[in-house]
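predicted structure and sequence below. I'll ask about it afterward.
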Amino acid sequence: MAAFDPAVLLAQYRPVVQYDSLESYYTDWAAVITDRPGNVLKRADGTVLAAAGPSSGGVPRLSLSFLHPQTYPTGQPVAATDYIAEVGSDYVTQARQMHGLAGYANKVHGRVVEQAGVTWLQYWFFMYYDDPSFLGLGTHEGDIEMIQVRLAPSGQPEAVSYAQHRSGVTANWNQVEQQSSSPVVYSARGTHASMLRAGDLLSDRSFVPDHNDAHGPRVQLDLIALSEAQTPWAFWPGHWGGTKPEDQILGQVGVEANSPTAPNQHRAWTDPAGFHAGCEAADLPPVGEVHRTGLPEPAAPLLQVQRDPARGVVNVKFEAPAGPAGVTPASLVIAVDSSSGLQPPATTVVALPAAGGELEAPIGPDAGSVTIRATVHADNGAVSPTSTASPDSP
């Protein structure tokens, strides 16, 4: 028998997430997907099994408690092809609204796995949507990421696996950045790949470099412990999102990706050691330094911001200066923060057919301080430094 209490350690080592400053999709309670009014649980043939929000037309109400491993509360059998569809297209607004509800924000879902005498602490992250680098490639409803910590027989952490896309990276515990005793996870902008350092990460696990500028919030997550008795929804085998590429060829090259299957359908759930062994050893700079890809970067955008309180908008003029030879700016990723960091910023993407332009962003009549952040993404996948600007006065 272990000389330590795994449940205590599960809480002790729950991760700290460092967000990119342009990230709109934070790691929240899984219920942000089931509870968002209008979202529906469907069969593969489109039959609606339950819907979130006020009951209507005799359709059962969707919530986490409706999801079970084998049979729904209605008596209907569960199928692994069942899925939750996020209804609508403004995913940024939907995610921000759900994050703002009491009790939903900043959660991690944890479990202890014993395998061949080794204890693993697993932490599963749910995000409302996935938009790699906000470039419209590889997008899908719902996102599930994870990290795991392998414990020595003494109960001390000795190694980690950080999931990145369909695989991940491993590191020894002494290579992991820590805050108190918690491992720090740099959540990659848009993709939410779990990075061990800030900066840019180029690998064959992704078709674009993963990026985190480390200028967003750093959050100690609240733990939701998973068990079949207390959280049967975690053992539901369906899909957390309704995205399926209509063109399988486009799906294979990453234009659109399938929504994630439930955590218990992932290899790491039942075989943490096998998942760890299948990951690549991380090539890391020292703690406190950043990843560099070596790709030539575009120049940081220039911003001018004016606030129009009567109309509840800010006007943003932007310019993409010329960068290194051969680097072509492709898009501007811009985020509006009007909540002083209490809410994820509202992020959008602007194509750059010319060197500059302007846009209006709604902020509401009661918004306090406003901060605009932006980066330029080049056609080679490289990302510029982040520019920040604010109106002269509220």
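Received the coordinates, thanks. Numbering: from 1, shown residues only.

show me the helices in this structure, by range?
Here the chain has its helices, by DSSP state H, at 6-12, 31-34, 91-99, 248-252, 267-270, 272-278.

need those in CSV (columns: mean neighbour count and distance to residue 204).
Backbone N, C-alpha and C define where each C-beta goes, glycine included. Shown next, in CSV, are these (neighbours: other CB atoms under 10 Å; distance: least, CB to CB, whole Å):
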stretch, mean neighbour count, distance to residue 204
helix 6-12, 16, 32
helix 31-34, 24, 30
helix 91-99, 19, 28
helix 248-252, 11, 15
helix 267-270, 16, 19
helix 272-278, 16, 14
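
now stretch 353-368: mean pLDDT?
Confidence over stretch 353-368 (mean pLDDT, whole number) is 79.

give me the distance between residue 381 and residue 206.
9 Å (CB to CB, to the nearest Å).

of the helices of the chain, which shows the lowest average pLDDT?
Least confident of these, judged by mean pLDDT, is helix 248-252 with a mean of 41.

TSV for the helices of the chain, including distance to residue 238?
Converted to TSV, the helices of the chain look like this (distance: least, CB to CB, whole Å):
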stretch	distance to residue 238
helix 6-12	25
helix 31-34	11
helix 91-99	19
helix 248-252	19
helix 267-270	14
helix 272-278	21
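
out of these, which gets nearest to residue 142?
Taking CB to CB, helix 31-34 is the member of the helices of the chain nearest to residue 142, at 5.8 Å.

chain center to the closest one, what's the gap?
14 Å (CA atoms, centre = their mean, to the nearest Å).

ok, stretch 106-115 next?
For stretch 106-115, the distance to the chain centre is 17 Å (CA atoms, centre = their mean).

got the buried residues for it?
Residues 107-113 are the ones in stretch 106-115 that count as buried (16 or more other CB atoms under 10 Å).

again, but for stretch 355-367
Under the neighbour-count criterion of 16+ other CB under 10 Å, stretch 355-367 has 361, 363, 367 buried.

nearest spatial neighbour of the second one, chain-adjacent residues omitted?
Taking CB to CB, 6 or more residues apart in numbering, and ignoring the residues beside it in sequence, residue 363 has residue 338 as its nearest neighbour in space, at 4.3 Å.

could you report the neighbour count for the closest residue to residue 44 other than its chain neighbours?
Excluding its sequence neighbours, the residue lying closest to residue 44 (CB to CB, 6+ apart) is residue 81, at 4.0 Å. Number of residues near residue 81 (other CB atoms under 10 Å) recorded here: 12.

could you check the pLDDT of residue 81?
For residue 81, the pLDDT comes out at 95.

now swap in residue 232 and tell me
So, for residue 232, pLDDT stands at 96.

got it, and the one 4 residues further on?
Taken from the predicted model, the pLDDT recorded for residue 236 is 97.

ok, now how distant is it from residue 70?
Separation of residue 236 from residue 70 (CB to CB) stands at 9 Å.

those two: who's more crowded?
residue 236 (26 against 10).

wait, isn't the more buried one in contact with residue 71?
No: the criterion here is CB atoms under 8 Å, and residue 236 misses it with residue 71 at 10.7 Å.

what residues do the two have in common as contacts?
Here residue 236 and residue 71 have residue 78 as joint contacts, going by CB atoms under 8 Å, 6 or more residues apart in numbering.
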